[in-house]
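K.L.:
Take a look and give me a structure for this.
(2 chains)
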Number of protein chains: 2
Amino acid sequence: MKITHIAVLAVASLSASVAFAQAKPEDQIKYRQSAMTINARSNGALNAMAKGDVPFNKEVAQRYATVIAELSDLPLLAGAYGPGTDRGALTKADPKVWSEPEKFKAAFDRFTVAAKALPAAAGDLATLKTALAELGKTCKGCHDNYRMNDYRM
Amino acid sequence: MKITHIAVLAVASLSASVAFAQAKPEDQIKYRQSAMTINARSNGALNAMAKGDVPFNKEVAQRYATVIAELSDLPLLAGAYGPGTDRGALTKADPKVWSEPEKFKAAFDRFTVAAKALPAAAGDLATLKTALAELGKTCKGCHDNYRMNDYRM
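P.N.:
Sure, this is the predicted structure:
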């Protein structure tokens, strides 16, 4: 029952995503890609501090962490893989996102949990490092299974 | 003294943008475009509540507001118009961003101030509406002068 599965996925996101679900597929695709770009850059900035490439700055770290946390489960991301958005613009999202929605949601939820733990951890370099390692596992967990190497239409 | 102007613009952003400034022009362009996409969607979601198209939800409104506030002046945005990023990928950024950096920075700063006022205002529909109107003016103020209608290389 594919429609039921999609409904489960849709209901899992916040109520405001009702409005978002009406966005055109190409806009949803652009949106989720933009959020991933922001998350990747934010994660990169935090990892640069964790590695000592740039000095640790608690305030900046917490702000990057907040961005990742907010983008991890606002209608933005989870709600941007709605029905019919498996195509409509160039995307690396694997069709499995829509064919095995419970598994995708479980993988995404692990990312959300790790992302939401980030702001509290970002006040201290040691706890930030641990939290980033956890976050990285959840990024990889989704990307390995649900992100293709190349764009497809 | 163009280099001096650029230096003023660069110094205005947070210290962590030092690392960001080293990003390739095409990555900075992709980044600022992604942040604008997120801001536009977040602003759209808030305006949908302001107009009554979707029910006002304080928690969701505050989270969208936080995303806009954080993206308004993290190294993300102000730091993503660095030297040499006037070209390198398709962009709608007007060359005036780099030829009149003080004016651009002043227009951008107005956006930052309005964006940072948003989270506190988002707890109440009436104050949210007022804050969104103010924010809208600052979006327009920059877009009218510094965003071109069409992409250019």
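K.L.:
what helices or strands is the strand of greatest length in chain A leaning on?
P.N.:
What stands out as the longest strand in chain A, according to DSSP state E, is strand A:147-152. With contacts defined as 3 or more C-beta pairs under 8 Å, 6 or more residues apart in numbering or on different chains; DSSP states H and E, strand A:147-152 has these neighbours: strand A:91-93. Where you see a C-beta, it was placed from the backbone N, CA and C, and this is true even at glycine.
K.L.:
Does anything pack onto the strand it packs on? Which helices or strands?
P.N.:
helix A:25-51, strand A:147-152.
K.L.:
Run me through the strand neighbours of that strand, direction for each.
P.N.:
strand A:147-152 (antiparallel) (DSSP bridges).
K.L.:
Just the mean pLDDT for the partner strand, thanks.
P.N.:
Taken as a whole, strand A:147-152 has a mean pLDDT of 94.
K.L.:
Lowest mean pLDDT among the helices and strands, pick that one out for chain A.
P.N.:
Least confident helix or strand, chain A: helix A:2-11 with a mean of 36, by mean pLDDT, DSSP states H and E.
K.L.:
Show the contacting residues for the nearest residue to A:Ser42 once chain neighbours are set aside.
P.N.:
Leaving aside its chain neighbours, A:Ser42 sits nearest to A:Tyr64 (4.3 Å; criterion: C-beta to C-beta, 6 or more residues apart in numbering or on different chains). The contact partners of A:Tyr64, taken as C-beta atoms under 8 Å, 6 or more residues apart in numbering or on different chains, are A:Ser42, A:Asn43, A:Ala45, A:Leu46, A:Ala122, B:Ala16, B:Leu74.
K.L.:
what about the spatially most central residue of chain A, which SS state?
P.N.:
Nearest residue to the geometric centre of chain A (C-alpha atoms, centre = their mean): A:Ser72, 4.7 Å. Secondary structure assignment for A:Ser72 (DSSP: H, G, I helix; E, B strand; the rest coil): helix.
K.L.:
residues in contact with the closest residue to it other than its chain neighbours?
P.N.:
Distance criterion C-beta to C-beta, 6+ apart; nearest residue to A:Ser72, sequence neighbours excluded, is A:Ala115 at 3.4 Å. Contact analysis of A:Ala115 by C-beta under 8 Å, 6+ apart lists A:Ile68, A:Ala69, A:Leu71, A:Ser72, A:Asp73, A:Leu135, A:Thr138.
K.L.:
picking up where we left off before, A:Phe104 versus the residue nearest to A:Ser42, what's the distance?
P.N.:
Distance of A:Tyr64 to A:Phe104, computed by C-beta to C-beta, to the nearest Å: 26 Å.
K.L.:
go on, A:Leu90?
P.N.:
20 Å.
K.L.:
Looking at those two, which one has more neighbours?
P.N.:
Comparing A:Leu90 with A:Phe104 by neighbour count (other C-beta atoms under 10 Å in any protein chain shown), the higher total belongs to A:Phe104, at 22 against 13.
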